[in-house]
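Engineer: Got a predicted structure plus its sequence, pasted below:
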Amino acid sequence: MRSIYRYRHRIRLLAAAALFLFGSTLEASEDPYLVTYSHQMEEPGNLEIGLNEVAGAPKGGNSFLSSLLELEYGATAWWTAEFYAEGQSTAGQSAIFTGYRIENRVRPLMREHWINPVLYFEFETTNAADKALKEIVGHDTYADQLVPNAVARREQDREAELKLILSTNAKGWNFSENFIAEKNLAGDPWEFGYAFGMNRPLALAARPAPCSFCRENFRAGFEMFGGVGTLREFGLHDTSHYIAPCLQWQVPGGPTFVVSPAFGLNRNSYGALMRFTVSYEFSQFGRRAQRLASAGPGESR
Amino acid sequence: MRFFALFFALLFAVSAAGPPDRNPAAPQSPDVQAGEKLFREHCAQCHGALAQGTGRAPALRTAFIHNASPDFLMGVLKNGILRRGMPSWSSLPEPMRRQIVAYLKQLE
C-alpha cells in the first residue's frame, strides 16, 4: 500500500496519458483469420493491440501455451506496420521469451479490384522454441517443437519473410490467399508455404438498434495453411497442414474476440490446437501521442 | 499475471464508454437508423459524431454529399481514397454500405 501511495503521482500521470491516448475507439471490420492475411489494412493513425494464444498438447510432448503480443499501426491507408513479441510456456519445462517480429504490409493498388494484392515484408528474430505457429513453411512439423525449451532456445533464427497476399471481397464474403517465402539469413534455402481462408459476417445488413449479440457482430469462416517444402525440395513430402474454422465476435465499441481450433491434416501436424485472440483498437493513437509529446508538463494533466 | 489483469481491466474500462450524443434530428427509416449506427461505429471517429467534420476528415453534412448519387457514395465507401487517408470499407457487406449511404443522404 505504501508503495502505491509513494507512486500515486506517476500512476495519475499514467492514467491521464492512457485516457488521453486511448480515450476513444473505432471499430475496424476485420477478418477472423489468425494466419491468413486479407487486404484489410489498419485505419491510418489507429493502433490495435492484440493477444494471440495457441494451446496444444502434442503426442509425445508436453502441453504448451504460446502467447504473442501484437501491436498493429496504420501508418497510412495503404501501409500497415506491425510488431510482435512472443513467448511460450511448456508444462514441466519453462516459460520463455522466444523472439520478436516486425512486419510491413503495403497495398500497391489504390482502388478496389476483383483481386487485391498486398505486399508483405517481415523480419523476425526468434529461437527454435517458438510455438506461435504464425505461419507454416518448408518442412516445419510438430516434431520440431518437441525439443525441450532449454535446448531449443539456444538456436537463434534470423529470418526474412515475403508474402504475396491476394484478397477479394464479394457478396459479403472475403476470400484470401497468401503465398509465403521465408529465408533464414544464416544461409538455409528459401522455404515456402501457403495460407488461404474465407469468411463472411453472419448478417449482411445491420439492425437499427444497438446490440452486442446480434448476428452482424459475428463473422465465421475457416482458414487452411501449411508448408510446401524448400527451394531444393519443393513439394508436400514431410510437410504439415492445418484446417481451422474460426469465429469472431466484435463487441460494438469494445474488443474483438476470435476463437479458432486448428486441426492437423497429416501425421506431421499437431492433432489439434486451440487458438484464441483478443484485440482492441485505439483510434488516432499516432495523433494523440504526438499531441501528448508536444504538450508541456502542465498541459498533459 | 498483474499485467494481464491490468490489460483486460483497461480494455473493458475503455469499452464501457458510451456512444457519443445522439443526433437530435433522429431519423425514422430502419435503414437510416442502421446506417447511423454503422456511421458511429466506423466513420464518426474521423468525420465527427454528427458528420460535422474534424481536423482529420471533412464534414459530410454538405450539399455535395446530399446531392451526390448513391452509387457515387457507394463507390467512395468501397474504394476509399487511400492516398488521402480514407480507408476502403469493402470489408463491410454491400447492404451495410447502403445503410451508411442512406444515413448520409438524409443529413442536412
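Structural biologist: Nice, thanks for sending it over.

Engineer: hey, let's count contacts and neighbours off CA atoms from now on
Structural biologist: OK.

Engineer: Against which helices or strands is the strand or helix carrying residue A:278 packed?
Structural biologist: Using DSSP states H and E, the element containing residue A:278 is strand A:272-282. For strand A:272-282, the packing partners by 3 or more CA pairs under 8 Å, 6 or more residues apart in numbering or on different chains; DSSP states H and E come out as strand A:47-56, strand A:256-264.

Engineer: With just CA atoms, put the longest one into PDB.
Structural biologist: The C-alpha coordinates for strand A:47-56 follow below in PDB (Å, rounded to 0.1, in the frame of the first residue of the first chain):
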ATOM      1  CA  LEU A  47      -3.200   1.300 -33.000                       C
ATOM      2  CA  GLU A  48      -4.500  -2.200 -32.500                       C
ATOM      3  CA  ILE A  49      -3.200  -4.200 -29.500                       C
ATOM      4  CA  GLY A  50      -3.900  -7.900 -29.600                       C
ATOM      5  CA  LEU A  51      -3.000 -11.000 -27.600                       C
ATOM      6  CA  ASN A  52      -2.900 -14.300 -29.600                       C
ATOM      7  CA  GLU A  53      -2.800 -17.500 -27.700                       C
ATOM      8  CA  VAL A  54      -2.100 -21.000 -29.100                       C
ATOM      9  CA  ALA A  55      -2.500 -24.000 -26.800                       C
ATOM     10  CA  GLY A  56      -1.600 -27.600 -27.700                       C
END
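
Engineer: Quick one: residues in contact with that strand.
Structural biologist: A:42, A:63-74, A:131-133, A:270, A:272-286 (CA atoms under 8 Å, 6 or more residues apart in numbering or on different chains).

Engineer: Smallest gap between chain A and chain B, at which residue?
Structural biologist: residue A:208 (3.9 Å; CA to the nearest CA).

Engineer: Disregarding flanking residues, what is the spatial nearest neighbour of that residue?
Structural biologist: residue B:34 (3.9 Å; CA to CA, 6 or more residues apart in numbering or on different chains).

Engineer: what's across from the nearest residue to residue A:257 once chain neighbours are set aside in the sheet?
Structural biologist: Distances taken as CA to CA, 6+ apart place residue A:278 nearest to residue A:257, at 4.6 Å, with adjacent residues excluded. Beta bridges link residue A:278 to residue A:51, residue A:257 when assigned by DSSP bridges.

Engineer: cool, and residue A:95?
Structural biologist: residue A:89.

Engineer: Can you list the residue ranges for helices in chain B?
Structural biologist: B:2-15, B:30-42, B:44-47, B:63-67, B:70-79, B:94-105 (DSSP state H).

Engineer: for the stretch 1-150 of chain A, same thing?
Structural biologist: A:2-6, A:8-22, A:149-152 (DSSP state H, counting those that start in this stretch).
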